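A.B. asks: missing the sequence, but the structure's below:
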């Protein structure tokens, strides 16, 4: 009779590693599709403390066993595309994220808001929301898509002749400019409304920041050179969709100094018709509001953009009087004078 060693219950450590390996595959596929060799390489790199590579020599066979086990034991929906990449359609019972209803509403709102792909980073935000939803139970994902009333965000839309091409060009310009903010001087040609017949003008600027405002993405700059008289050595906003594609170029060397818009103290008076309920909007940083007994209010704040301040305060129409700075007072008076002339002219016609 031949003595045989007692049959054990298997290598507990190996079983644990296989289990961890399979859970890692799900996490890796949540990040995005991957072919077999990428999955194996990434899994081996994800466990640097393992004595041996987490996949054995016959890694492709082990990977197929792992994927089969994930489908069978946890109901994961993993498909292999024609390009050889595996895609996680649903984590099945491994869906670990189940948000409360209030946060599901927030997800639905963000998905609705960023469905407008003209907003900077809309594509990345939409992809992020899809990624979060991918680790939720299918029933909750379906519920998020069918949630009822969402707050409507009212944003103006600019007319564009070739919208898809323009949006692609703006996205590329946005990507390039992000690397230059506060670091490099850039130059480009620009389709300014000040130029007749669609002509372009050369500009060399120091980028300060990118901002999205009322349907458009802008580059805030200090203009160093320009074909347009009077623009050099001033702070200028440029719309990204008016920058000529392929004309943007970062010049060698770093900026010689940081550029910051100078602050202005803004003081304006609001009539009782808009201020008596004491719920006046804080349009500017460091806003202080002093309400009077007659219902009017005096507002003191700061701004770095007088042109933007003029746009905002013109919304109050006859219910607002700007008192300082003197530059903004002159701007308001000039706009009102020109508006009056235009309406008087149109009335006479």
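C.D. replies: Good, I have the coordinates. Just so we're clear, the structure is a prediction, and the values are computed from it rather than from any experiment. Numbers count the residues shown, from 1 in each chain.
A.B. asks: Looking at this structure, which helix is longest?
C.D. replies: The longest helix of the chain (DSSP state H) is helix 326-348.
A.B. asks: which strands and helices sit next to that helix?
C.D. replies: Contacts defined by 3 or more C-beta pairs under 8 Å, 6 or more residues apart in numbering; DSSP states H and E place helix 326-348 against strand 264-270, helix 306-313, strand 320-324. (Glycine included, C-beta is placed from N, CA and C.)
A.B. asks: can you state the direction angle for the longest one and helix 326-348?
C.D. replies: Think helix 306-313. In terms of direction (axes from the mean of the first three to the mean of the last three C-alpha atoms, to 10 degrees), helix 306-313 departs from helix 326-348 by 60 degrees.
A.B. asks: Now do the buried residues in helix 306-313.
C.D. replies: For helix 306-313, a neighbour-count test (16 or more other C-beta atoms under 10 Å) marks 306, 309, 310, 312, 313 as buried.
A.B. asks: can I get those in TSV with pLDDT and distance to residue 26?
C.D. replies: Formatted as TSV, the buried residues of helix 306-313 follow (pLDDT from 0 to 100; distance: C-beta to C-beta, whole Å):
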residue	pLDDT	distance to residue 26
306	95	55
309	97	52
310	97	55
312	96	50
313	97	55
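A.B. asks: between those, which is nearest residue 135?
C.D. replies: Nearest to residue 135, judged by C-beta to C-beta, of the buried residues of helix 306-313 is residue 312 at 42.3 Å.
A.B. asks: Excluding chain neighbours, what is closest to that closest one?
C.D. replies: Setting aside the residues directly before and after it, residue 312 is nearest to residue 283 in space (C-beta to C-beta, 6 or more residues apart in numbering), at 5.0 Å.
A.B. asks: per-residue confidence for that neighbour?
C.D. replies: pLDDT, residue 283: 96.
A.B. asks: check contacts around it.
C.D. replies: Listed by C-beta atoms under 8 Å, 6 or more residues apart in numbering, the contact set of residue 283 reads 301, 309, 312, 313.
A.B. asks: What residue spans form the domains of the protein?
C.D. replies: Domain ranges of the chain: 12-94, 101-145, 164-250, 264-348, per automatic domain parsing.
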